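> The sequence and its predicted three-dimensional model are supplied below.
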Amino acid sequence: MDLKELSQAIIVGDHNKSVELTHQAISKGVPPNDIINDGLISGMDEVGRLFRSGEYFLPDMMLAARAMHLSMNKIKPLLLKEKVAMKGRIVVGTVKGDLHDVGKNLVCMMLEGAGFDVVDLGIDVPPEKFVAAVSENATHILAMSALLTTTMASMQKTIEALTASGLREKVKILVGGAPVTQLFADDIGADGYASDATAAVDKARELMT
């Protein structure tokens, strides 16, 4: 089965068609890895390119991510059944005191579409919860989001908590959010900074190499 049509459905954000084509691919016995790599990931990679070039905007990305996410939900049972290896495990959360989740949710969907195993801790996540999640999930990357300048300090507290628990050297730290900058990321000792969801995927791939 040619998965270019599925990839195109993701690119244009047609979730009904993407789910239907994913179901067809599964019914025809297409391996889950092929559906993910040649259908979903290739589509989301093109969406990322269009966003970086200024041809796509946030609403376009949200539609594509939704289509990818719904298609991915069809494939997840097969991944568990066949124990397909993902590209890496990423724990994601909005830091303590911050209740914003739109950007975080988009990042989670984009990372999932890029083949990562994502553990979403939600919003208002205290340092100790991040530490516990990193410890319990064999995490490769911890991604933290802050949308308020008043909650940015929680990122540093989380890194300090990871250091105190002896886990800091075992995980890469990725930070982002409207008030966060590369300079701030450097100051708190993060391994990477991403300005948006597309950049988060690129940086996550870079941190995994």
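Thanks, I have it. Numbering: from 1, shown residues only.
> and G115, what element?
Assigned by DSSP states H and E, G115 belongs to no helix or strand.
> That one: what's its closest spatial neighbour, skipping adjacent residues?
In this structure, G115 finds its nearest non-sequential neighbour in K87, 4.3 Å apart by Cβ to Cβ, 6 or more residues apart in numbering. Backbone N, C-alpha and C define where each C-beta goes, glycine included.
> That neighbour - that's part of a strand, no?
No: the assignment for K87, made by DSSP: H, G, I helix; E, B strand; the rest coil, is coil rather than a strand.
> Domain ranges for this protein, per the record?
With domains defined by automatic domain parsing, the chain comprises 4-82, 89-208.
> Out of those domains, which gets the lowest mean score?
Ranked by mean pLDDT, the domains of the chain bottom out at domain 4-82, with a mean of 92.
> Not counting its neighbours along the chain, what's nearest the residue most central in space within the chain?
What sits nearest the mean C-alpha location of the chain, by Cα atoms, centre = their mean, is L111, with 2.5 Å. Spatial nearest neighbour of L111, excluding adjacent residues (Cβ to Cβ, 6+ apart): V118 at 5.2 Å.
> The residue lying farthest from the centre of the chain and D2: what is the separation?
For the chain, the C-alpha farthest from the mean C-alpha position belongs to K28; by Cα atoms, centre = their mean, that distance is 28.4 Å. Using Cβ to Cβ, to the nearest Å, K28 is found at 11 Å from D2.
> Now do the buried residues in the top helix by length along the chain.
Using DSSP state H, we find that the single longest helix of the chain is helix 58-82. Applying a neighbour-count criterion of 16 or more other Cβ atoms under 10 Å, the buried positions in helix 58-82 are 60-69, 71-72, 74-75, 79.
> Quick one: list the elements packing against it.
helix 4-12, helix 15-27, helix 32-34, helix 42-52, helix 102-113, helix 197-208 (3 or more Cβ pairs under 8 Å, 6 or more residues apart in numbering; DSSP states H and E).
> and among these, the most buried is which?
Compared across those, helix 102-113 shows the largest average neighbour count, a mean of 23 (mean count of other Cβ atoms under 10 Å).
> gap between it and the chain center?
Relative to the centre of its chain, helix 102-113 is centred 5 Å away, using Cα atoms, centre = their mean, to the nearest Å.
> Can you tell me the strand partners of the helix or strand just after that helix and which way each runs?
Once the chain leaves helix 102-113, the next helix or strand it forms, by DSSP H and E, is strand 117-120. Paired neighbours of strand 117-120 in the sheet (DSSP bridges): strand 89-94 (parallel).
> What residues of the strand it pairs with count as buried?
Those would be R89, I90, V91, V92, G93, T94, for strand 89-94 by 16+ other Cβ under 10 Å.
> Give me the contact list for that strand.
100-101, 104, 107-108, 111, 116-125, 129-130, 133-134, 137-147, 174, 204 (Cβ atoms under 8 Å, 6 or more residues apart in numbering).
> could you flag which of those residues are buried?
Among the contacts of strand 89-94, those classed as buried by 16+ other Cβ under 10 Å are 100-101, 104, 107-108, 111, 116-121, 123-125, 129-130, 133-134, 139-147, 174, 204.
> Roughly how far does the nearest residue to S42 once chain neighbours are set aside sit from V47?
Nearest-residue entry for S42: S7, 4.7 Å, with adjacent residues in sequence omitted and distances by Cβ to Cβ, 6+ apart. Separation of S7 from V47 (Cβ to Cβ): 10 Å.
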